[in-house]
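**Q** Sequence and predicted model, in that order:
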Amino acid sequence: MNELVYKSARGEVISLTNDDIDVQTATEIRGYEWDCGIGRKNIYSPRRNYIKDKVKFIATKNALEQLRRITDTDVINETQGTFIALNEWKQSGYITGISVEKVSAYYIYGSLECIFLDGSWHKSVEVSFIKNDITSDITNYGMNYPFDYKFDYSNNKTPKILNTDTYLPCEFRMVIYGRCVNPTITLGNNVYRVNVQVPEKALLIIDTRDKTVVLRDETGYEQNVFDKAIRGNGKSSGEYIFEPIPAGEHIISWDNSYGFDIEYFISESSIPWLKTS
């Protein structure tokens, strides 16, 4: 293991791969196992549950004492910490015990009892899509011909590409920047739409992990606008606001009058052996 750290709920960070405390290759947390039912010639209901493992370590007395105090605080307060591997892969959890096997003049040898709550490792990737920089009637209002038509011809939707470079769908958090009205974004085969006015300097935040849609004004005040989000007939209906991003490459299009960010979350059963993009 090149790098593994424990970050407490209070923000304290302790490296578990340095000269003072080292879990070495941490082979105990490299494996994984799906929990699933087994039927006739098939499996069903696959899921990844929490994992409890003992991870071997070598540590100085001072380093081990510091680790114990910090991790005990999280356990007593029931405030989960975060394990971070290779500087990017994360999983919530606790260190709930220390088993001592050998004590030398300089080092203590033993095992850390670790609970990994998520059952998988995940990292986030952020991608930004900016609005059209041309401030004109065409950008803001469409092609406003001088003739008195009852409608305006809309401006072109410039498509962009998003490639998650994964094999599994990704949950995501989307932040849309105002000013805009009824923002609508097409990603692949799904339309994400919220029938709400987003004022200047306000944010519309969509999070598929906890199924929330929130409007946050420039003062930080938040309004629940879940009822304004289009949910269609649920997942795979083509207009579900919480549709995960499918694996692979997809075209994104919108009217370019506002910008937005997408932070998507890649999930893996175990820590990748190779560093990924």
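**A** Now that the structure is in, tell me what you want to look at.
**Q** who does Phe57 bridge with?
**A** Beta-bridge pairing for Phe57 (DSSP bridges): Gly110.
**Q** and the nearest residue to Tyr240 once chain neighbours are set aside, how many neighbours?
**A** Once flanking residues are discounted, Tyr240 sits nearest to Gly232: 4.9 Å by CB to CB, 6 or more residues apart in numbering. The C-beta positions use only the backbone N, C-alpha and C, and glycine is treated the same way. A count of neighbours around Gly232, defined by other CB atoms under 10 Å, yields 15.
**Q** burial measure for Asp165, as a count.
**A** 11.
**Q** same check, this time on Thr79
**A** 12.
**Q** That one contacts Glu12, correct?
**A** No: taking CB atoms under 8 Å as the definition, Thr79 is not a contact partner of Glu12, at 11.8 Å.
**Q** Next, the buried residues of the longest helix along the chain.
**A** Ranked by residue count under DSSP state H, the longest helix found in the chain is helix 61-77. For helix 61-77, burial by neighbour count (16 or more other CB atoms under 10 Å) applies to 63-64, 66-67, 70-71, 74.
**Q** Mind putting those residues into CSV with distance to Ile43?
**A** Listed next are those as CSV, based on distance: CB to CB, whole Å:
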residue, distance to Ile43
Ala63, 43
Leu64, 42
Gln66, 44
Leu67, 39
Ile70, 40
Thr71, 36
Asp74, 35
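**Q** so which of the residues you listed comes closest to Asn189?
**A** Nearest to Asn189 among the buried residues of helix 61-77 is Asp74, at 42.2 Å by CB to CB.
**Q** gap between the closest one and Trp273?
**A** 29 Å (CB to CB, to the nearest Å).
**Q** picking that back up, can you pull out the residues in contact with the longest helix of the chain?
**A** Helix 61-77 has contacts (CB atoms under 8 Å, 6 or more residues apart in numbering) with 6, 8-10, 12, 14, 20-21, 59, 79-81, 94-96, 98, 108.
**Q** buried subset of those residues?
**A** 6, 8-9, 14, 20-21, 59, 80-81, 94-95, 98, 108.
**Q** could you pull out the helices for the stretch 151-277 of the chain?
**A** With helices called from DSSP state H, counting those that start in this stretch, the stretch 151-277 of the chain shows none.
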